[in-house]
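> Sequence first, predicted coordinates after that:
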Amino acid sequence: MAQAPVTECFSSIQGEGILVGLRQIFLRLAGCNLDCSYCDTAGVHEVPELCQLEMTPGRRDFVTLTNPVQGEQVISHIRRWAEAWPAIHHSISVTGGEPLLHGKALLEWLPELHEILPVHLETNGTLPEALAPLIDYVDYVAMDFKLPSASGVNPVWEKHEAFLALAARKQAYVKLVVDDSTQNWEIERSCSMIAAVDRNIPLILQPVTRADGTVSLSPLRTLELQEFADAKLREVRVIPQTHKFMGQL
């Protein structure tokens, strides 16, 4: 089975999006194709020499494996957790970085993982060609729209549009990381793109969340942005990164 560079594998509470508060197994792959100004993943563009593997779910008793990690090791470890602790995990969050950079490995990994638990893919939504062969093995797609103001990256609207058309085949939602620099037109364009696919796709407005759990967006501006989005979509939620103020990984 294919190898891939893994940063860490651990059990924790999902802190973002529509599955917030649920317990998941997090499989974090290394590397990213973007350089967002608010990124909180240390060394996101590097492949670490070692992978941190939690031995007991949620107990932070990590051991190290050498990267790239063998697919058999990852899958057997997650299967053991599912068998020994059958009721605690809702799903497997495959995240990064940008996990779709490792599409060839995931084409072998995801069918096996999908048989163990539902798969929740967290992605920046810019690699539709990598998602296409994997979509049948994914249950949830959590995709970002990278707003140029808050993210600092060049506009990638066309890639987001193509990606969402594929992601909508499963239970998908869109996340917008917002701050005081976010422009009304960015919200309107994002919502128009989502509505063109399906007005029922949930939108999460995620204020940039500091390490102490406070957010960099005023309460009034938060409500204004939600109002702009509500004009086009049926379900718009404001959810900061809750794992930060809970002290979760």
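Yep, it's here.
> Distance check, the residue sitting furthest away from the middle of the chain against residue 45.
Here the chain has its C-alpha centre computed as a mean, and the residue farthest from that point, by CA atoms, centre = their mean, is residue 220 with 27.0 Å. Computed as CB to CB, to the nearest Å, the residue 220 to residue 45 distance reads 36 Å. For every residue, glycine as well, the C-beta is placed using N, CA and C.
> Could I get the full set of strands for the protein?
The residue ranges that make up the strands of the chain, judged by DSSP state E, are 3-4, 6-13, 23-29, 50-54, 62-66, 69-70, 91-95, 119-123, 140-144, 171-178, 203-207, 236-238.
> Nearest to residue 247, out of those strands?
Set against residue 247 and scored by CB to CB, those come closest in strand 6-13, at 10.1 Å.
> Please work out which residues outside the closest one touch it.
Residues from elsewhere that reach strand 6-13, judged by CB atoms under 8 Å, 6 or more residues apart in numbering: 21-30, 41, 48, 51-54, 57-58, 60, 62, 65, 67-69, 74, 77-78, 81, 88-89, 96-97, 243, 246, 248-249.
> How about stretch 147-157?
Judged by CB under 8 Å, 6+ apart, the contacts made with stretch 147-157 from elsewhere in the structure are 34-38, 126, 146, 176-179, 181-183, 186, 189-190, 193, 208.
> are any of the residues you listed buried, and which?
Among the contacts of stretch 147-157, the ones that count as buried by 16 or more other CB atoms under 10 Å are 34, 36, 126, 146, 176-179, 181-182, 186, 189-190, 193, 208.
> between these, which is closest to residue 137?
Distance from residue 137 was checked for each of those by CB to CB. The minimum falls on residue 126, at 19.8 Å.
> Show me what the residue most central in space within the chain is bridged to.
Computing the C-alpha centroid of the chain and ranking residues by CA atoms, centre = their mean puts residue 122 first, at 2.4 Å. When assigned by DSSP bridges, residue 122 has beta-bridge partners residue 142.
> that older thread, farthest pair in the buried ones among the contacts of stretch 147-157?
Across the buried ones among the contacts of stretch 147-157, the two lying at the largest distance from each other (CB to CB) are 193 and 208, at 21.7 Å.
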